[in-house]
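*Asks:* coords please:
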Amino acid sequence: MNYLAEIKKQKPLIHNITNIVVANFSANGLLALGASPAMANAPEEAAEMAAHADALVLNIGTCTQDQLEAMILAGKAANQKNVPVILDPVAIGATAFRASVVQQILDKIDVAVIRGNTGEIAVLGEMAVEIKGADSLVGEISPHVAINVAKKYGAIVIATGETDTITDGESFTQCKNSVPMLSSITGAGCLLTAVVGAFVSVGTDFYNASVKAVCSYGVAAELAYGTASSPGSFLAAFLDEIYALTDEKVKSKAIIRELTLKGE
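*Replies:* Model prediction:
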């Protein structure tokens, strides 16, 4: 499936209940991709907005009790309308409140995709890891950690780090398209979660859509890195490359490795 072409054609509505640090960047990234972002956090309208969306993205980066209420209301409405829900468990493990928020969402909402950095996925996999705010101090985790999290929650799991791993609990794909400069701009992982929402919204194979989203994002970052030497210029170049990205360009530059558990 040509996901990028479909996103530009369908212009899916992506409802984001996200953190205040990345809301602007996420909206601009989705617009550059061809999607239509909605950033609605109020509990009073969360369910109504989610019911009309093509995907719902829940990001707990600056979550409050009111925002958690909105996430639960929106998630239940999305589930009733078969709207896919994507969860970003930002800095889970940093505080007890964050861990409680993620657990409440996973207990009450059918989540289609969980996207986190290696440290966040390790925490979901009940590993003892060192946490520093929203940054992962874990460079790599075994694919089996992500696989076990996928099985536990019945969701596609994306663990991003030096190598990105995407798994449905049975098979997994590793993507190596990325650049270190992504860690020098705010919200790179959060925008990827929103981009995954756009890819998932136009297809029915959430695993394949997640793989294509991660690879496409990495290819855009590599192309931007080739023209920018510092975070400020990289940020602008990155949005430009997302805007200009095509399925053909991604196919020619993607570096992926697809494996099954039996094939290891």
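
*Asks:* Pick out the residue closest to the middle of the protein.
*Replies:* In the chain, the residue lying closest to the centroid (C-alpha atoms, centre = their mean) is residue 193, at 1.8 Å.

*Asks:* May I have the secondary structure class of that one?
*Replies:* helix (DSSP: H, G, I helix; E, B strand; the rest coil).

*Asks:* ok, it touching residue 60?
*Replies:* No: between residue 193 and residue 60 there is no contact under C-beta atoms under 8 Å: 10.8 Å. Every C-beta, even on glycine, is put in place using the N, C-alpha and C of the backbone.

*Asks:* what sits in contact with each of those two?
*Replies:* residue 88 (C-beta atoms under 8 Å, 6 or more residues apart in numbering).

*Asks:* Not counting its neighbours along the chain, what's nearest residue 106?
*Replies:* Excluding the flanking residues, the one nearest residue 106 by C-beta to C-beta, 6 or more residues apart in numbering is residue 153, at 5.7 Å.

*Asks:* Please report how far that neighbour lies from residue 22.
*Replies:* Using C-beta to C-beta, to the nearest Å, residue 153 is found at 23 Å from residue 22.

*Asks:* before we move on, what about residue 182?
*Replies:* Separation of residue 182 from residue 22 (C-beta to C-beta): 13 Å.

*Asks:* who's more crowded, the two?
*Replies:* Set residue 182 next to residue 22 and count neighbours by other C-beta atoms under 10 Å: residue 22 wins out with 24 against 21.

*Asks:* Check what pLDDT the nearest residue to that one once chain neighbours are set aside gets.
*Replies:* Of all residues not flanking residue 22 in the chain, residue 187 sits nearest, at 3.2 Å (C-beta to C-beta, 6+ apart). We have a pLDDT of 92 for residue 187.

*Asks:* so how many other residues sit close to residue 187?
*Replies:* Neighbours of residue 187 under the rule other C-beta under 10 Å: 23.

*Asks:* quick one, helices of this structure?
*Replies:* 3-10, 23-33, 43-51, 65-80, 96-108, 118-124, 143-153, 188-201, 206-225, 231-244, 247-253 (DSSP state H).

*Asks:* Out of those helices, flag the one nearest residue 259.
*Replies:* Nearest of these to residue 259, taken as C-beta to C-beta: helix 143-153 at 7.7 Å.
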